[in-house]
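S.K.: Predicted model, plus sequence, below.
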Amino acid sequence: MEKLTEEQVERRLSQALAHRSSVSADQLIAGLLATLDLTADAADEFIYPALPSTARERIFGGQVIAQAVVAADRTVDAEKNIHSLHSYFLRAGDETKPLHFRVHRDFDGRSISNRRVVVRQNDKVIFNLTASFQKPADGLEHQTKMPDVLPPEQCMSAMEQIARNPQVRDEHIERMSMPRPFDVRSFRPEGKSDVAHQYQWIKAVAPLPDDPLVHRATLAFASDMGLLSTSMIPHGIHWTTPGLFSTSLDHAMWFHDDFRMDEWICYVMDSDWIGHTRGLNRGALYTQDGILIASAVQEGMIRLAPKND
């Protein structure tokens with residue numbers, strides 16, 4: 001596919017930025033917080049209402065992970081914080097229909113609590129999550145050093161990536177540059193690369209409340225952005241490649257330390273396997289000063305339709 005000229009890139013970038021800036025940063029954060037504000041329906045049951053309309057074909061997986069984290073947390077002692085989650089995407093969700101969250105209190109100990117969250121839509125289970133919560137405790141410490149990466153100011157913005165991608169047609173620029181509550185700056189190899197490795201800087205577009213749960217749920221939301229595409233790098237394909245179908249199958253996270261999502265977080269991603277239409281991806285999340293604050297692993301389905309001769 002032919003490379004775009006700089007004049008074409010500038011025109012497409014201006015279009016993308018204009019669409020992205022059509023909603024203010026404060027409005028985007030208000031929308032994010034509203035997404036995390038579930039309504040109690042009964043004992044250990046919560047509802048997220050249907051939206052009147054949507055531009056998405058299905059609910060973004062990171063949203064449901066974050067909402068399930070909030071639902072689980074509401075049934076746990078305030079002194080315990082989530083430290084791990086394991087989840088499975090079972091069916092695609094529809095934003096124009098309500099989500100029903102049922103929390104099961106599987107275990108409560110002195111220092112650890114375990115919760116299982118089942119999410120239904122139209123009386124069918126679409127997602128489940130198991131989460132563990134722990135009281136803060138001191139102990140042995142070590143972490144992997146943050147790799148050498150470019151600072152966010154030197155990485156390509158999501159808008160520029162869209163504008164420079166010749167696989168994104170002009171008429172799809174606005175749909176792919178929907179206003180989001182995150183500023184994302186990425187470094188990804190161009191074309192094929194023998195090493196499945198990339199990283200991106202992420203932060204909320206405006207300040208968030210101080211509640212640690214908001215920051216952990218927001219990180220869970222953002223951790224589903226870009227991770228699956230890591231296993232595609234050695235094959236020179238991307239989520240915009242014609243004929244590609246990809247979707248998350250499962251998602252696991254471990255929270256190691258406190259952090260703020262309205263400050264830059266570096267998401268370092270790699271993949272050491274793809275096969276049988278599935279790709280395995282890992283992520284390590286660091287603060288800008290190099291503290292490892294979370295880890296993530298995700299397997300996803302990746303199918304590429306054969307090209308017609």
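M.R.: Okay, I see it.

S.K.: Can you check the distance spanned by stretch 77-96, start to finish?
M.R.: 33 Å (CA to CA, to the nearest Å).

S.K.: To clarify, my last question referred to stretch 225-244.
M.R.: OK, stretch 225-244 end separation, CA to CA: 17 Å.

S.K.: What segments of the stretch 1-150 of the chain are helices?
M.R.: Remark: helices assigned in the stretch 1-150 of the chain by DSSP state H, counting those that start in this stretch are 6-20, 25-35, 61-73.

S.K.: Looking at these, which is nearest to Ile291?
M.R.: Taking CB to CB, helix 61-73 is the member of the helices of the stretch 1-150 of the chain nearest to Ile291, at 20.9 Å. (Glycine included, C-beta is placed from N, CA and C.)

S.K.: pLDDT of the closest one, averaged?
M.R.: Mean pLDDT, computed over helix 61-73, is 98.

S.K.: still on that earlier bit, and the helices of the stretch 1-150 of the chain as JSON lines, adding distance to Gln134 and mean neighbour count?
M.R.: Below are these laid out as JSON lines (distance: least, CB to CB, whole Å; neighbours: other CB atoms under 10 Å):
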{"stretch": "helix 6-20", "distance to Gln134": "38", "mean neighbour count": "15"}
{"stretch": "helix 25-35", "distance to Gln134": "25", "mean neighbour count": "16"}
{"stretch": "helix 61-73", "distance to Gln134": "12", "mean neighbour count": "25"}
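
S.K.: now these as JSON lines including distance to Asp183?
M.R.: Listed next are the helices of the stretch 1-150 of the chain as JSON lines, based on distance: least, CB to CB, whole Å:
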{"stretch": "helix 6-20", "distance to Asp183": "10"}
{"stretch": "helix 25-35", "distance to Asp183": "9"}
{"stretch": "helix 61-73", "distance to Asp183": "16"}
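
S.K.: Tell me which of those sits nearest to Pro209.
M.R.: helix 25-35 (7.4 Å).

S.K.: quick revisit: closest to Ser186 out of the helices of the stretch 1-150 of the chain?
M.R.: helix 6-20 (14.5 Å).

S.K.: Run through the neighbouring helices and strands of that closest one.
M.R.: Applying 3 or more CB pairs under 8 Å, 6 or more residues apart in numbering; DSSP states H and E, one finds that helix 6-20 contacts helix 158-164, helix 173-176.
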